[in-house]
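Novice: Structure for this input, please:
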Amino acid sequence: MAALGTVALLALAACGTQTGSGHGSGSVRTGPRITGVHWNVDSVTAGGRTTEAPDGAHVVIGPGGGATGNFGCNRFSAGTSTDGDTITVRQATTTQMGCGTDVRRFETAMSRAFSGELTAAVTGRTLTLTTEAGDSIALTSEPPAPLTGTTWTVTSLVSGSTASSLPPGTERKARLSFGKDGSVRGTLGCNRFRGAATVTGSTITFDRIDGTRMMCPDPRMKLERALLAVLDGRTTYRIDHRTLSLTASNGEGLGATAPAPGG
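Specialist: You can find the predicted model right below:
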């Protein structure tokens, strides 16, 4: 697959909160913040035909001029430059996964639209990138999932800098939710639990974790023991869009994801 010019979005990185009024200032004069925002790709319109984006297609534009994302199948990264509201796309790199026919069609449309010079415009939560030929890419910003009130599904266990998959047969079995009243509840893969969780800055301190006492197959009990070890005392947490990371002081932790809006 040819390198996807989609990387064009990267160019937006420089626009950030800059609002320079002079042409050639190197900033996109759109007012709303563009960098550091999770932009869902909605569609590409090329040659008068609009192609809807696959689920999961998104772009995150970094403040340093680079962007990363996913077209619904293949991930990408690229670098760009900006001049006013013009974005010039440089070489992009993508993974080379085999994708379904519809996704390949969308990625082809993206690769053709994301090349050369693009004009960026923001209206509310919508970002539109337009090519010199008049083709366009529509994107919508999506805020990060809130810690409280979200059902977080555990997807990985972490030890130091290494993340590992859950034991076979335990996928999507463990979930946790934080309440605004300082509570935490959910299931550990076998037993349900409830406890207290005090959030202070980037830390969560767990206390008084109680639960049912069912016996389950070994893989589920192994997962449960690992999770209980994390949900014990002080941990640090980080939310990256719809991904939650919890890390205990000994380096053990977990990764969890939130459902997509409307999902």
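Novice: going forward, measure contacts between C-alpha atoms and count neighbours the same way
Specialist: OK.
Novice: what's the first-to-last distance across stretch 59-72?
Specialist: 11 Å (C-alpha to C-alpha, to the nearest Å).
Novice: Show the average pLDDT along stretch 38-54.
Specialist: In this model, stretch 38-54 carries a mean pLDDT of 92.
Novice: buried set for it?
Specialist: Along stretch 38-54, these residues count as buried under the neighbour rule (16 or more other C-alpha atoms under 10 Å): 38-46, 51, 53-54.
Novice: cool, stretch 114-124 as well?
Specialist: Going by 16+ other C-alpha under 10 Å, stretch 114-124 has these buried residues: 114-115, 117-122.
Novice: again with stretch 59-76
Specialist: Quick answer for stretch 59-76 (16+ other C-alpha under 10 Å): 59-63, 65-76.
Novice: Inside strands: which ones of these?
Specialist: Judged by DSSP state E, the buried residues of stretch 59-76 include 59-61, 66-70, 75-76 as members of strands.
Novice: Between those residues, which sits nearest residue 213?
Specialist: The closest of those to residue 213 turns out to be residue 70 (C-alpha to C-alpha; 41.3 Å).
Novice: hang on, residue 229 is in a strand, isn't it?
Specialist: No: in this structure, residue 229 is helix, not part of a strand, as judged by DSSP: H, G, I helix; E, B strand; the rest coil.
Novice: where does it land on pLDDT?
Specialist: On pLDDT, residue 229 comes in at 95.
Novice: Pull up the gap between it and residue 39, please.
Specialist: 35 Å.
Novice: Equivalent analysis for residue 236, please.
Specialist: Residue 236 is 26 Å from residue 39, by C-alpha to C-alpha.
Novice: swap in residue 33?
Specialist: Distance from residue 33 to residue 39, by C-alpha to C-alpha: 11 Å.
Novice: Skipping its backbone neighbours, what lies nearest residue 226 in space?
Specialist: Nearest non-adjacent residue to residue 226, counting by C-alpha to C-alpha, 6 or more residues apart in numbering: residue 157, 7.9 Å away.
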